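**Student:** coordinates only, sequence not included:
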């Protein structure tokens, strides 16, 4: 039986953080974040630290949550993976709507502490989500399955801590978009 009222407000944030460390399931973290204010910050921080999304509907809902309340939850995100899993989709051949890509674009701007980014775009047409104004984060690793274009190059020039980069190649019939010399220092 969970404590409520004044007893819960007396639990220190440090104790709540220790308890949250031992919670194994995202559903339990979500429930714990609603128990009381003392658990909310620690549970949400752990719940949003690593986001792995596999279908458009969930991607949209999670990004909406990140963008709500002035993007407060975005500061918790360190790893953002959006990898489409055809087994989890109603129509695996369908492309994601511009509305979903816009929500991802807005969420990236709220992820000031993001370090690892992986996004798949089967249509290779949504690199605009990386366009200026650029997000504040400094990535360590990035795997972006966008077509290599001016948006990708401009974005990468802002990433001064990058250790690992993987991307699609440029269009064969399009102009090359080279990264300027010295832009990606090792």
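**Tutor:** Done, it's in. Remember, it's a predicted structure, so these values are computed and weren't measured experimentally.
**Student:** what about residue 31, neighbour count?
**Tutor:** 13 (other CB atoms under 10 Å). C-beta coordinates here come from the backbone N, C-alpha and C atoms, glycine included.
**Student:** which residue, other than its chain neighbours, is closest to residue 166?
**Tutor:** Closest residue in space to residue 166, ignoring its immediate chain neighbours: residue 143 at 4.3 Å, by CB to CB, 6 or more residues apart in numbering.
**Student:** would the one you found count as being in a strand?
**Tutor:** Yes: counting by DSSP: H, G, I helix; E, B strand; the rest coil, residue 143 falls inside a strand.
**Student:** begin at 49 from here
**Tutor:** In the new numbering, first residue 49, that becomes residue 191.
**Student:** so it makes contact with residue 130?
**Tutor:** No: contact criterion CB atoms under 8 Å: residue 191 and residue 130 do not qualify, at 10.5 Å.
**Student:** so these two - more neighbours on which side?
**Tutor:** Taking neighbours as other CB under 10 Å, residue 191 and residue 130 compare with residue 130 leading, 24 against 15.
**Student:** quick one: contacts for the more buried one?
**Tutor:** The contact partners of residue 130, taken as CB atoms under 8 Å, 6 or more residues apart in numbering, are 101, 107, 152, 166-168.
**Student:** what about residue 94, is that helix, strand or coil?
**Tutor:** Assignment for residue 94 (three-state DSSP): helix.
**Student:** residue 109 now?
**Tutor:** helix.
**Student:** what is the neighbour count of it?
**Tutor:** If we define neighbours as other CB under 10 Å, then residue 109 has 13 of them.
**Student:** so for it, what pLDDT did the model give?
**Tutor:** Listed pLDDT for residue 109 reads 95.
**Student:** now do residue 148
**Tutor:** 96.
**Student:** quick one: contacts for it?
**Tutor:** 104, 107-108, 111.
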